[in-house]
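Student: Starting from these lines, generate the structure:
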Amino acid sequence: MSLFSDIETLYLHRDVVDFRKSINGLVVIVEQDMQLSPFSDALFVFTNKARDKLKILYWDRTGFALWYKRLD
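Tutor: Got it, this is the predicted structure:
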């Protein structure tokens, strides 16, 4: 299954993000810090301080989805 096959743009937020933030907090970062629309067809990638975890935020036309990945 290719879940992100139609996504052409990926934005990496280079600053550390407090991983207690969920969808609403990350949307604020996209809008205010990155000055982008969170409703675009793009993936927004955030990392924690240790750079061993990722959160990926995207809009799928029915609502926001948030993926969390721990890197081993």
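Student: what's next to stretch 51-71, contact-wise?
Tutor: Outside stretch 51-71, the residues within contact range by CB atoms under 8 Å, 6 or more residues apart in numbering are 4, 7, 17, 19, 22-23, 26-27, 30, 38-47. The C-beta positions use only the backbone N, C-alpha and C, and glycine is treated the same way.
Student: can you rerun that using 7 Å?
Tutor: 19, 22, 23, 26, 27, 38, 39, 43, 44, 45, 46, 47 (CB atoms under 7 Å, 6 or more residues apart in numbering).
Student: Quick check: PyMOL command selecting the buried ones in these.
Tutor: In PyMOL, a selection of the buried entries from the contacts of stretch 51-71 looks like this (16 or more other CB atoms under 10 Å):
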select buried, resi 19+26+27+38+43+44+45+46+47
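Student: can you list the contacts of stretch 51-71 in JSON lines and add pLDDT and distance to residue 57?
Tutor: Shown next, in JSON lines, are the contacts of stretch 51-71 (pLDDT from 0 to 100; distance: CB to CB, whole Å):
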{"residue": "19", "pLDDT": "94", "distance to residue 57": "13"}
{"residue": "22", "pLDDT": "95", "distance to residue 57": "10"}
{"residue": "23", "pLDDT": "97", "distance to residue 57": "7"}
{"residue": "26", "pLDDT": "98", "distance to residue 57": "5"}
{"residue": "27", "pLDDT": "97", "distance to residue 57": "7"}
{"residue": "38", "pLDDT": "96", "distance to residue 57": "7"}
{"residue": "39", "pLDDT": "95", "distance to residue 57": "11"}
{"residue": "43", "pLDDT": "96", "distance to residue 57": "7"}
{"residue": "44", "pLDDT": "97", "distance to residue 57": "4"}
{"residue": "45", "pLDDT": "97", "distance to residue 57": "8"}
{"residue": "46", "pLDDT": "98", "distance to residue 57": "7"}
{"residue": "47", "pLDDT": "97", "distance to residue 57": "12"}
